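Fold the following.
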Amino acid sequence: MNSLSRTKWRYQLLAALTMIFLASGCQMLGMANPFSSGADSYQRATRAWDSNNPAEALSYAANAVYRDEKHWPAYRFIVANYDEAMGQINARLAELDQQEQSVEVVREKVRTLRDMMWFVRYVSDFPGDSTDPKIVESKNDSVAIPLTDYETPLAEAQAQGYAIAFSQASTLIAAGQVEEAVEALQVVTRDFVQGAEERAAAETAIAGFLVETATPLVARLTLENLDEATGLLAAARRFEETEEVAALTQELNSRAPALIFAEADRIARPGTVAAIESALGVAVQVRNYAGDDAEVSARLVSYAQRLADLYKRGVETSARTAGRTRQGNRAVEDQYTQLLAFLHAWPSVTGHETALEEFAAFTQSSRTMVHVVLDEGYGNARNGVVASLEAALANQSGKDIWVISKENQELAQTRQRVFQGHERGRWWSANSEQAEQIIYPDSSVRYLDAANGLTTASSLDEARALNIDFLVRITVETTVGNARSSQRQDVQSVSAYQKTDGSVHLDASTVDQWRAARAVADRTGDVGMEEYNRQLAEAEITELWHQESVTHTYQSFTAPVTVTYGIEVINVANGRSIHTSRFTHRDEQTSNEVLVGVRAAVPAIQQALQEQVRQAPAGFDPNPAPVVQAGFGQLNVAPAATAISRG
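All right, here's what the predicted structure looks like:
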C-alpha cells in the first residue's frame, strides 16, 4: 500500500471513530444525536412548540422516539411539556366546539385531533410495558399518558367537514355556480383527509354527491338545465369515475343530442344568415355528447352546408351591388374571407370547391390596375408622376383604381395581413402558397420590382403578365437650340502683401493683422514704429495692399431647351389607345461661368490673379436632364385620369 492510500485509510478510520464518539457522547450527556433517524422530527417538534402548536409538537416528539428509541431529548421534551400541552389542547378543542362550525373551525379541529391520534399511536409503541396509561420516563422524572381514543372524534370531525362542504356546494349549485361548488368540495380532499386511502374514499363520496345532485336534472333534461347537468357530471369525473358517474353520463349523452337539435331547428326556421349561424352555434354542442357519431356529424354538416350557401349568395349579391368602389370592394373581400375560413373549418361542405379562385378573380377584376411607364433612363421621375396621377384619379369618385407604387404595395400587404389574421388565419395558412400568388399579388416587393422594370419599349404581354389594366406611357423628346455667349463683370476688393522674394500673397487675414499692429505702433511713437518695422522686416514683407479694387470678367453660355412629353393611355387587354396628349415644357440651360479676365490698379495684384484666368470656351454642350426632370413635375395628367376612369 502506497503512502497516499495509507493516508486516505487513516482519514476514513478517524471519521468513523469520530461519529461513534459523537453518538455515544450525546447519549451519555442526554443530548440530541445529530445522526439519529429521529433528529428531523425532534427539530420539527421544537419549532411547533415555539409556534404555539402543542398537538403538532407532541406528535413530532413522539415520532422522534418512534424512529429512534434512544432519542433521549424527545423523551425529556414529552415529559417536560405534556401536561402544559394537554391543557392547551383540551381548552382549544372545547373552545372550537363552542364556535359556529365553519370550514375554518372544523379544519383546525381535524388537524389537532389527527396530531393527537398519531401521538397516542406512537406513544403506545414506546419501549416498556403495554399499560394504559403509558408511563414515559426521562432520567428522574416521568409522566403518565392515557391512550385516549382520538380516532372516533377525528372521524366525527371529518364527517362534520364533509357535511359543511356538501351543504355549501348544494347552495352554490342551486344558484347555478357549479365551478364555485366544485371549489367548495375540494376543501374536503385538501383539508379533511390524509393519505391515499382517505383521499380515495373522499373523492368517491364527492362523486356520489354530484351524481345524486345531477340525477333529477338528467331525468327532466331541458336546455335550461343542460349546462348545469353537464358541469356536475364533468366535475364528478374529475373526482372519481365511478359506475354511477359513467351510467348517468351515458344517459345524459343519449338525451342531449335530440334536445339540442330540436332547439337548433327552431332557431333556424327564419332561414337567414343570422338564424343559421345561431342554429349552428347551438348544434355544434352535440359534439360534447355524441362525439364523432356519423349520424350526428351528418346533421351538423347540413347546417354548415346551408350557412355556406347563404354566405356565397351574400358574396355574389354584394359583388353585384358594391359599385366597384374601394370601400365596397373591401366589404366583398371580407365576405369572401369569411366564406373561405368557414369552408376551411367545415371541409365536408360541398359545392364551393372553386371559392378561392373566385376570390382571386374578384380581387383582380374589382381593382383597376394602372401603371406608369417612362422612356429608358427616366425611371427616377416615376414617383412624381405617380403622385400627380393618383391625385387626379382621387377626383374620379366611385372607382377602385390602383396605381402601382411603393405606397400601394404596402397597402396591398396590409390587406393580405387582414386575411391572415384572427379566425381567418387558419384558412390562409392552409392555402398560403396559392393565396399569395393570386390574392393581392402586388403586395410583394418582387412584383413591384418587375412592374418598375417596364419601360415604353416593353411589350403589352409583359404588362398582361402582371395583371395591369392600363398603361400610362410617357415619352420624352428634347430639342436644344443654339447657345449664346454672355459676359458679366464683378468688382471685388482684394487684400494682399508682397515679400522680399517678389511673391504676392492674397491673404486678407494677414493684411488685417499687420494693419492692426501698425495702428498700435502709430499710437506709441517712434519706439513703436521701430519695433513694427523690425517685425515686418523679420517677416520679409515689403508691401501691404488693403482692399484694392479688382474687376473680374466672367463668360458663360445659355442654350434654350424644349421638352415635348407624349402621354398615351393604353388598354392592356385589347391594346387600344384610349387617350393621347402632348405637353411642351421650355427652359434654358446655362453653362458654368468661366473667369476670362482681371483688371487691377496694382500690377502685382493683377499679375497674381492672372493665374486664375481661363481661356474662354468655344461652345457649350448642354445637359437637358434637369429641364426634363422639372417638366415631369408640371405634366397635366388629369385628362389621362379621366380616360382611365371612363375606360
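
List phi and psi for residue 439.
Dihedral pair for residue 439: phi -110, psi 110, per degrees, to the nearest 10.

how many neighbours does it have?
Close neighbours of residue 439, defined as other C-beta atoms under 10 Å, add up to 24. Glycine gets a C-beta too; all of them are placed from N, C-alpha and C.

Pull the contacting residues for it.
359-360, 363, 416, 419 (C-beta atoms under 8 Å, 6 or more residues apart in numbering).

so how far is residue 515 from it?
In this view, residue 439 and residue 515 are 80 Å apart by C-beta to C-beta, to the nearest Å.

and if you look at residue 393?
In terms of C-beta to C-beta, residue 393 sits 68 Å off from residue 515.

Please tell me which one of the contacts of residue 439 counts the most neighbours.
Those, ranked by neighbours (other C-beta under 10 Å): first place residue 419, 25 neighbours.

what about that one, helix or strand, and which?
Assigned by DSSP states H and E, residue 419 belongs to helix 406-420.

what comes up buried for that helix?
408-409, 412, 415-416, 419-420 (16 or more other C-beta atoms under 10 Å).

just stretch 520-529 next, same as before
In stretch 520-529, the ones that count as buried by 16+ other C-beta under 10 Å are residue 521.

and what of stretch 207-215?
207-211, 213-215.

just curious, which of those is nearest to residue 543?
Closest to residue 543 out of the buried residues of stretch 207-215 is residue 210 (118.4 Å), distances taken as C-beta to C-beta.

Could you double-check that the closest one sits in contact with residue 234?
No. Counting by C-beta atoms under 8 Å, residue 210 sits too far from residue 234 to count as a contact (9.3 Å).

Pairing partners for the lengthiest strand in the chain, with directions?
The longest strand of the chain (DSSP state E) is strand 541-571. Partners of strand 541-571 in the sheet, by DSSP bridges, are strand 470-480 (antiparallel), strand 484-499 (antiparallel), strand 576-590 (antiparallel), strand 594-600 (antiparallel).

do you know which of the ones you listed lies nearest residue 557?
Nearest to residue 557, of the strands paired with strand 541-571 and by C-beta to C-beta, is strand 484-499 at 5.5 Å.

Let's see the closest one as CSV, backbone CA atoms only.
Taking Å, rounded to 0.1, in the frame of the first residue of the first chain, the C-alpha atoms of strand 484-499 are listed here in CSV:
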residue,chain,number,x,y,z
ARG,A,484,-25.4,82.2,-77.0
SER,A,485,-22.4,83.7,-75.2
SER,A,486,-22.7,86.4,-72.5
GLN,A,487,-20.2,88.1,-70.2
ARG,A,488,-20.6,89.9,-66.9
GLN,A,489,-18.2,91.9,-64.8
ASP,A,490,-17.9,91.9,-61.0
VAL,A,491,-15.8,94.4,-59.0
GLN,A,492,-14.3,92.9,-55.8
SER,A,493,-12.0,94.1,-53.1
VAL,A,494,-8.7,92.3,-52.7
SER,A,495,-6.1,92.5,-49.9
ALA,A,496,-2.5,91.2,-50.4
TYR,A,497,1.1,91.5,-49.3
GLN,A,498,4.4,91.1,-51.1
LYS,A,499,7.6,89.5,-49.7
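
Buried residues, it. List them.
494-498.

before we move on, what about stretch 256-274?
Those would be 256-257, 259-261, 263-264, 267-268, for stretch 256-274 by 16+ other C-beta under 10 Å.

will you turn the residues you listed into JSON lines that also has distance to residue 450 and secondary structure?
Formatted as JSON lines, the buried residues of stretch 256-274 follow (distance: C-beta to C-beta, whole Å; DSSP: H, G, I helix; E, B strand; the rest coil):
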{"residue": "256", "distance to residue 450": "58", "secondary structure": "helix"}
{"residue": "257", "distance to residue 450": "56", "secondary structure": "helix"}
{"residue": "259", "distance to residue 450": "60", "secondary structure": "helix"}
{"residue": "260", "distance to residue 450": "54", "secondary structure": "helix"}
{"residue": "261", "distance to residue 450": "54", "secondary structure": "helix"}
{"residue": "263", "distance to residue 450": "56", "secondary structure": "helix"}
{"residue": "264", "distance to residue 450": "51", "secondary structure": "helix"}
{"residue": "267", "distance to residue 450": "51", "secondary structure": "helix"}
{"residue": "268", "distance to residue 450": "50", "secondary structure": "helix"}
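
which residues touch stretch 242-257?
Under C-beta under 8 Å, 6+ apart, the answer for stretch 242-257 is 204, 207-208, 210-211, 214-215, 218, 221, 226, 229-230, 233, 236-237, 286, 288-290, 296.

Restricted to buried residues, select these in PyMOL.
Filtering the contacts of stretch 242-257 down to the buried ones (16+ other C-beta under 10 Å) takes a single PyMOL command:
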select buried, resi 207+208+210+211+214+215+218+221+226+229+230+233+236+286+288+289+290+296
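
Inside strands: which ones of the contacts of stretch 242-257?
Filtering the contacts of stretch 242-257 for strands - DSSP E - leaves nothing at all.

Where helices are concerned, which of the contacts of stretch 242-257 count?
204, 207-208, 210-211, 214-215, 218, 226, 229-230, 233, 236-237, 288-290, 296 (DSSP state H).

May I have stretch 448-460 as PDB, with CA atoms only?
Written as PDB, here are the backbone C-alpha positions of stretch 448-460 (Å, rounded to 0.1, in the frame of the first residue of the first chain):
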ATOM      1  CA  LEU A 448     -43.200  46.000 -57.600                       C
ATOM      2  CA  ASP A 449     -39.600  45.500 -59.000                       C
ATOM      3  CA  ALA A 450     -41.000  43.700 -62.000                       C
ATOM      4  CA  ALA A 451     -43.500  46.400 -62.700                       C
ATOM      5  CA  ASN A 452     -40.900  49.200 -62.300                       C
ATOM      6  CA  GLY A 453     -38.700  47.300 -64.800                       C
ATOM      7  CA  LEU A 454     -41.200  48.000 -67.600                       C
ATOM      8  CA  THR A 455     -40.500  51.000 -70.000                       C
ATOM      9  CA  THR A 456     -42.200  52.400 -73.000                       C
ATOM     10  CA  ALA A 457     -40.400  49.800 -75.100                       C
ATOM     11  CA  SER A 458     -41.900  46.900 -73.100                       C
ATOM     12  CA  SER A 459     -44.500  44.700 -74.700                       C
ATOM     13  CA  LEU A 460     -48.100  44.500 -73.700                       C
END
